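Q: Below: sequence and its predicted model.
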Amino acid sequence: MLNSITETCVVSVPKDKVFKFLSNVENLPKWSTQFVKEISSVDGKYKAVTPIGEVFIRFEIDSKAGLIDIYAGPTEQHMTPAYLRIVPFSESSTGIMFTFFQWADTDNMTWQIFCEWIKIEVGNIKKHFS
């Protein structure tokens, strides 16, 4: 059984503005301050400098559904996802859900660090839109 963690927040900003910001991989260092220290693009592929080393980053997005799946890993063949969901509540209110799972190759100590980081990252998103 996989462990999981989901952190949420609600911001007083339209969904489209929230989605546009969060779905831009180049904005990762602006809100994912614990995990992404620096991001670069080489041959159309993104790499991030993180506390656990350099990783490949890839986004799969569906703007209509409000889905941003963030894949990260040491190689393009070995990436694990995290899931951002952008939920419109009204014209000016949007919910954000960020979910991580503890994959088989994530040890418990690293998992505990990720659980702390996701709280900080969602707090950063909320601050960005405040």
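A: Received it, and whenever you're ready, just let me know what you need.

Q: Not counting residues beside it along the chain, what's closest to the most far-flung residue of the chain relative to its centre?
A: What lies farthest from the middle of the chain is E91; by Cα atoms, centre = their mean that is 23.5 Å. Leaving aside its sequence neighbours, E91 sits nearest to P14 (Cβ to Cβ, 6 or more residues apart in numbering; 6.2 Å). Every residue, glycine included, has its C-beta placed from N, CA and C.

Q: okay, now the one you found: neighbour count?
A: Residues contacting P14 under the criterion other Cβ atoms under 10 Å number 15.

Q: One more: V10?
A: Neighbour number of V10 under other Cβ under 10 Å is 13.

Q: wait, what's in contact with it?
A: By Cβ atoms under 8 Å, 6 or more residues apart in numbering, the contact set of V10 is 89, 93-96.

Q: 7 Å instead, please
A: Under the criterion of Cβ atoms under 7 Å, 6 or more residues apart in numbering, the contact list for V10 reads 93-95.

Q: Tell me the helix or strand right after the one helix or strand it maps to.
A: If you go by DSSP states H and E, V10 is part of strand 4-11. Sequence-wise, the next helix or strand downstream of strand 4-11 (DSSP H and E) is helix 15-22.

Q: re the thing from before, taking the contacts of V10, please make a ChimeraX selection of just the buried ones.
A: Paste this into ChimeraX to select the buried members of the contacts of V10, with burial taken from 16 or more other Cβ atoms under 10 Å:
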select :94,95
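
Q: so is T110 in a helix, a strand, or just coil?
A: helix (DSSP: H, G, I helix; E, B strand; the rest coil).
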